[in-house]
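Trainee: Sequence first, predicted model second:
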Amino acid sequence: MMQNFVTLIRAAVFFGTVIMFGCVGETVTEKAGNLNLGVPGIMYLGGIASLSSVFIYEGSTENPNKAVCVILALVSAFVASSLGGLIYAFLTITLRANQNVTGLTLTIFGSGVANFFGGSLNTLAGRFEQIAVPVTSAAFRTTFPFSDSLGVVGELFFSYGFMVYLAIIIAVLTHIFMNHTRRGLNLRTVGENPAAADAAGINVNLNKYLAICIGAGICGFGGVYYVMDYIKGTWANDGSIETLGWLAVALVIFTTWKSKHAIWGAYLFGILYWLYLYIPGLTRSSQEIFKMLPYVVTVVVLIVTSLRNSRDKQPPAALGLPYFREER
Amino acid sequence: MADVAIEFKNVTKRFGSVVANDHVSMKVNKGEILSLLGENGSGKTSLMNMLSGIYFPDEGEIFINGTPVTIRDPKDAYALKIGMVHQHFKLVDVFTAAENLIVGIDPGKKLDRKEIADEIKGICDKYGFVIEPGKKVYDMSVSEKQTLEIVKMLYRGADILILDEPTAVLTPQESEHLFSVIKNMKKDGKTVIIITHKLHEVLSVSDRVAILRKGKYIETVKTSEADEEKLTELMVGRHVELNIDRPVIENKELRLSVKNLNCVNSEGQQVLFDINFDLFGGEILGIAGISGNGQKELLESIAGLQKTQTGASVVYYDPDSDKKKKDDAGQADGMEMIGLSPKKIREKGIHLSFVPEDRLGMGLVGSMGMTENMMIRDYSTASKSLLFTDKKKPRELAEEIKESLGVVTPDISTPVSRLSGGNVQKVLVGREIAAAPAVLMTAYAVRGLDINTSYTIYDLLNEQKKKGVAIIFVGEDLDVILALCDRILVLCDGHVNGILNGAEARKEEVGLLMTELKDNRREETAE
Amino acid sequence: MEANMNHVHDPWVRIAKRDDMSFLTKLGIRIAVLAVGVIICAIMIYFITGLNPFVVYLTVVKGAFGTVRRVWATVREMMMLACIAIGLAPAFKMKFWNIGAEGQVLIGGIVSAGCMIYLPFLPGPVLLLLMFVLSAAAGALWGLVPAVFKAKWNTNETLFTLMMNYIAIQLTAFLVSKWENPKGSNTVGIINPNTRAGWFPEIAGQQFMLNVLIVLVLALLMNIYLKYTKHGYEIAVVGESWNTARYAGINVGKILIRTMLLSGAVCGIAGFLAVSGASHTISTSTAGGRGFTAIIVAWLAKFDSATMLFISLMLAFFDSGANEIASKCGLNDYASDMIIGIILFFILAGDFFVNYRLVFRKRVSAVNSEKEVA
């Protein structure tokens, strides 16, 4: 029983970490007033960028350096994801395209790029073995050395790769940035009332561009974690990242646009997602019904927040609305 | 000669084919209070927006303290110590006063809410403001928000302060307080520009008055050498006597009877208290009041767009049924309108027309042309087909309105949002009158319109009145209400604070009723 | 501070709304951006595969239209996409962000597959008609749920419909494992391979003729519905402003619900086409992301049926073509998503140049003219 509980929690943490990155990244974006439905695509871009760069590096050297592997994976993922965000930002801010439509296009594009390279990387690189980046993946999955000696506590809290803690740190930092710094206040002003931000001398477009690109970069880490830790440094064309990406978007609503809530919300989603494995008596088909749980819960949260009209639990007031100064 | 703080040289701003400012050249002196006077649409706000960096001039130059400057965005304006309080406040609702104050400045600095609160207190004490630093903006009254905006500019070190229609949303007492604060700021050496179209304010607070008309600069006069008549003449370009017709109609018949109308808005505040009045065919009932005192809710309640509290009653008496059946007292049967949707009202044969305040957001569909906008009232009944719309009649009506009211539009299929404000209003009023109403309600029917269009609207209303239509005219300009309306109902805080005879009422009397609720009224409703 | 005191260069470019542009200019701009997109894709393909871009595009054309069979495959894909876009058009015209076409298509597909499995004994036309009606009803139900909450409590429909997709996917997964054939394969396999019960019949010797006919009829009807009926008028008013709609006596909630029933129903029919008229099986990827792509199709076409058909054709063309490149070069077929993504980015960017123009400052001349005055 206890062991079941521990495995469930661990599974939830693995799962939750992917969507926590996505959720925090999307929160940063939405705080600037842009609803980016390209999260799945961005996570795809992050995942494939880290995988391909490390794949090339590991294949080109005898003894890949672990630190180089990790840094290369993170940097390439951040750059690729931010570029995806940049495309979205350029289209929606500078060229004034519709945010939802552009975001969806980014998802199509990102999943296309990632699955294309994920499926053809070995062919393109002229090598024919299965794609795998064992060294990097092992580096990503290194746990605290003392976690084994702490029993259940160690298993529950310390038996994860560093990105699990990185996700929490980023969520906390984002919370501090949004609520306890002037730059964060400026960014939120852009998302709440861009005309006010503009009149206050804040560069609205610059803030939006930065928030979207950095937010996308954080989302991209979700893809890295998925590829390197969750599926252990391989590639799977099964659309899981897309599902996780949409759950991350849902989680933003669940957390009412407050990144600190993402820390427990993401794990809760993880528990809901894996719960079916621990419910006795489920057949293979009825498990599928049980897997609906996270989506149903999100719908319920969505309905409940729309029923309760709390002023502080609403989305940024200008979310999804374009802003042009000289419009009249 | 006084030092010049601001100088415009040949400044021009265009919006598409509309010239908002046409080669404006004028000067503002240091340490003076200057009123920028002009009608709606005379280019006051757009000129000032170029100072505050919201708009960029198409031509011309701006000098601050004698130096030519380029103000590309609000940041440049702040650097030049120029601050503007816009008519629509630029505040973030979910932020506190303190947070709103520091938005956009010193981004690298630590966010110390305590320190900011102290600084706010310092400014407030110096000039006589009251602000709670920790209060969220969504909990603030309009005048608190305005105070916050002004403090925000001072906090940013503004030496030149521009206030856009600052008293439009204030009670007279609040306006008085504002003026005293402005005078304190002048004593402190600040230059203050007030955009306004209210003459008595101009005369009471400013040192000089600059007048704009139709985008052009006319001249600047010393307040001490000006009077209302002269300013009006400069502002409108010709001597305008508010000589609006008020034809007298005999044999007025009861058309609408409003009783016990109470109304709570979506935020749970009661906005209408026990409204009672009768409306007769062949009269114009003016509704005076500071905007936001229940006018919108009153009209929308009658039109079936607003929920009312139980016990409310609005009874409609149809002109045709007058002759048919009358009870012993000679009164025709009425129809209860409360509880009916706009559609039901129409289906029951109640001839109600409504020109709402928000023309493009409620009365018309901006992206549609005139033809399709003609269909809004009766698209479902006008066509004999069950399924399809009939555009033939609407097209004819659109042509007719375009012709008779002189609507300037390239084509009747051009989206109405592309038309100018006056033409938009002609389309809306034209449609509502074409529906042959028995009761016609108009909210701020001439807001933002030029003098000529305004007169066209007054004439149209009088024409309807002569036909026996009962008209409700919600207005903001007291002179117009006094000249046009047969009776004047004054709303204050959602109460009927008095109903006066239009021909006899004095302006001061109406003004007093608008601002001070008679004591007994509040008690009545408290019971 | 210093900079402000001197002449600084003005913003060198401003963006202004464009007044009416002639149809031909618009078309020209759209073709131009499309061409740029195609060239960019060619360059990318060249760098990835090392193939001559001209050869590659020839392969694309061959892949899409090379043989009669391929033409029909492209047309089938086009009709599928267009059908969903037609279904989404009324919802989006009403500014109801129905991101849930994916789920609505799947639900329609499930019901069709269920009919094929459980009622193969019915006479062909009866079975098809029943499948048509039931799949439309199922799609409508899937559209109804978020619409009711939107109407009653203004619940955000974008995310609600998105979640409905996943609920539909899990429902499909559940039924796939119920219906799996052979046992243990976790796929349903081709349903009724011998009897062909519930399959679209060949018309004029063409397997996909019925798909084409159904979608063309739907396209025509939807165009008439949106442009000439009272319902269409109501949808347009609600899409512009709820306040105006209330003023006009339109019951906004009723229109939301009615329109989403219709939107979901047409998407459900698309599921019927996918199962009965194309794959003859059901899986969680039956909708295959088309529900999302179709949103972009409907939006870019501004809800005009003919334009939706055209954009669908274009996307289907690139899809089939990219698949051909992929198989020719031993790459996987996700290349098509990548190419479609790039092309869509360019089309979105092209919209800007149709609606806005860039105004470059003529500062020098302004200064000169001032000097002349002085």
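Mentor: On my side now, so go ahead.
Trainee: so the residue nearest the centre of chain C is in which element?
Mentor: By Cα atoms, centre = their mean, the mean C-alpha position of chain C lies nearest to residue C:294, the distance being 0.9 Å. The secondary structure element spanning residue C:294 is helix C:290-300 (assigned by DSSP states H and E).
Trainee: And that helix, what does it pack against?
Mentor: With contacts defined as 3 or more Cβ pairs under 8 Å, 6 or more residues apart in numbering or on different chains; DSSP states H and E, helix C:290-300 has these neighbours: helix A:99-124, helix C:68-93, helix C:101-118, helix C:305-328, helix C:335-355. Placement of C-beta: from N, CA and C, glycine included.
Trainee: tell me the angle the second one makes with helix C:305-328.
Mentor: Right, the one you point to is helix C:68-93. If you take axes from the mean of the first three to the mean of the last three Cα atoms, to 10 degrees, helix C:68-93 sits at 130 degrees to helix C:305-328.
Trainee: Now do the contacts for residue 135.
Mentor: In the absence of a named chain, chain A is used. Counting by Cβ atoms under 8 Å, 6 or more residues apart in numbering or on different chains, residue A:135 touches A:58, A:64, A:66, A:69.
Trainee: meant chain B actually
Mentor: Counting by Cβ under 8 Å, 6+ apart, residue B:135 makes contact with B:96-97, B:144.
Trainee: what's the neighbour count on residue B:342?
Mentor: The burial metric for residue B:342, expressed as a neighbour count using other Cβ atoms under 10 Å in any protein chain shown, is 21.
Trainee: Without its sequence neighbours, what residue ends up closest to it?
Mentor: Counting by Cβ to Cβ, 6 or more residues apart in numbering or on different chains, residue C:249 is the residue found nearest to residue B:342 once chain neighbours are left out, at 3.9 Å.
Trainee: Report pLDDT for the one you found.
Mentor: pLDDT, residue C:249: 90.
Trainee: and it, how far is that from chain A?
Mentor: 26 Å (Cβ to the nearest Cβ, to the nearest Å).
Trainee: And that residue, its phi and psi?
Mentor: Torsion angles at residue C:249 (phi, psi; degrees, to the nearest 10) stand at phi 80, psi 20.
Trainee: Quick check: it touching residue B:340?
Mentor: No: under the criterion of Cβ atoms under 8 Å, residue C:249 makes no contact with residue B:340, lying 10.1 Å away.
Trainee: how about the residues of the stretch 101-250 of chain A near chain C?
Mentor: Taking Cβ under 8 Å from any Cβ of the partner chain as the measure of proximity, the stretch 101-250 of chain A contacts chain C at A:101-102, A:104-116, A:119-120, A:123-124, A:237, A:239, A:243, A:246, A:249-250.
Trainee: picking that back up, drop anything exposed from the contacts of residue B:135.
Mentor: When neighbours are counted using 16 or more other Cβ atoms under 10 Å in any protein chain shown, the contacts of residue B:135 contain these buried positions: B:96-97, B:144.
Trainee: The residue nearest the centre of chain B is in what secondary structure piece?
Mentor: Geometric centre of chain B, nearest residue: residue B:447, 5.9 Å, by Cα atoms, centre = their mean. In the assignment (DSSP H and E), residue B:447 maps to no helix and no strand.
Trainee: what sits against residue 137?
Mentor: Because you didn't say which chain, this covers chain A. Contacts for residue A:137 (Cβ under 8 Å, 6+ apart) come out as A:228-229, A:232-233.
Trainee: try chain B instead
Mentor: By Cβ under 8 Å, 6+ apart, the contact list for residue B:137 reads B:91-97, B:100, B:145, B:148.
Trainee: So which of these are in strands?
Mentor: When strands are assigned by DSSP state E, not one member of these lies inside them.
Trainee: any idea which of these is the one closest to residue C:230?
Mentor: Minimum separation from residue C:230 among the contacts of residue B:137 (Cβ to Cβ) is found for residue B:93, which lies at 38.7 Å.
Trainee: Now that closest one, what are its backbone angles?
Mentor: Dihedral angles for residue B:93 - degrees, to the nearest 10 - are phi -60, psi -40.
Trainee: What about it, how many residues nearby?
Mentor: Residue neighbour count, defined by other Cβ under 10 Å, stands at 18 for residue B:93.
Trainee: about what we covered before: next, work out how far apart the residue nearest to the centre of chain C and chain B are.
Mentor: 23 Å.
Trainee: Can you tell me the closest non-neighbouring residue to that residue?
Mentor: Skipping the residues right next to it in sequence, residue C:294 comes nearest to residue C:84 by Cβ to Cβ, 6+ apart, at 3.7 Å.
Trainee: thinking again about what came up before, would a markdown table of the helices and strands packed on helix C:290-300 with mean neighbour count, distance to residue B:10 and mean pLDDT be doable?
Mentor: Output for the helices and strands packed on helix C:290-300, formatted as a markdown table (neighbours: other Cβ atoms under 10 Å in any protein chain shown; distance: least, Cβ to Cβ, whole Å; pLDDT from 0 to 100):
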| stretch | mean neighbour count | distance to residue B:10 | mean pLDDT |
| --- | --- | --- | --- |
| helix A:99-124 | 24 | 41 | 86 |
| helix C:68-93 | 24 | 47 | 94 |
| helix C:101-118 | 28 | 56 | 95 |
| helix C:305-328 | 22 | 47 | 86 |
| helix C:335-355 | 22 | 32 | 86 |
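Trainee: In contact with the closest residue to residue B:198 other than its chain neighbours, which residues?
Mentor: Using Cβ to Cβ, 6+ apart and skipping residues adjacent in sequence, the residue nearest residue B:198 is residue B:167, 6.7 Å away. Listed by Cβ under 8 Å, 6+ apart, the contact set of residue B:167 reads B:174-175, B:178, B:196, B:198, B:201.
Trainee: Chain B - how does it break down into domains?
Mentor: According to automatic domain parsing, chain B is divided into the following domains: B:4-236, B:247-351+B:438-453+B:470-527, B:360-435.
Trainee: Select from those domains the stretch with the lowest mean pLDDT.
Mentor: Lowest mean pLDDT within those: domain B:247-351+B:438-453+B:470-527, a mean of 82.
Trainee: Could you tell me how far that one lies from the centre of the chain?
Mentor: Distance of domain B:247-351+B:438-453+B:470-527 from its chain centroid, counting by Cα atoms, centre = their mean, to the nearest Å, is 18 Å.
Trainee: got it, and stretch C:234-241?
Mentor: Going by Cα atoms, centre = their mean, where stretch C:234-241 is centred and where its chain is centred differ by 21 Å.
Trainee: all helices in the stretch 151-300 of chain C, in order from the N-terminus.
Mentor: Counting by DSSP state H, counting those that start in this stretch, the stretch 151-300 of chain C has helices at residues C:157-179, C:209-228, C:230-240, C:242-247, C:252-274, C:290-300.
Trainee: ok, now chain A?
Mentor: Along chain A, the stretches classed as helices by DSSP state H are A:2-31, A:39-60, A:66-89, A:99-124, A:134-140, A:151-157, A:162-180, A:182-192, A:194-199, A:204-225, A:240-254, A:259-274, A:284-290, A:293-307.
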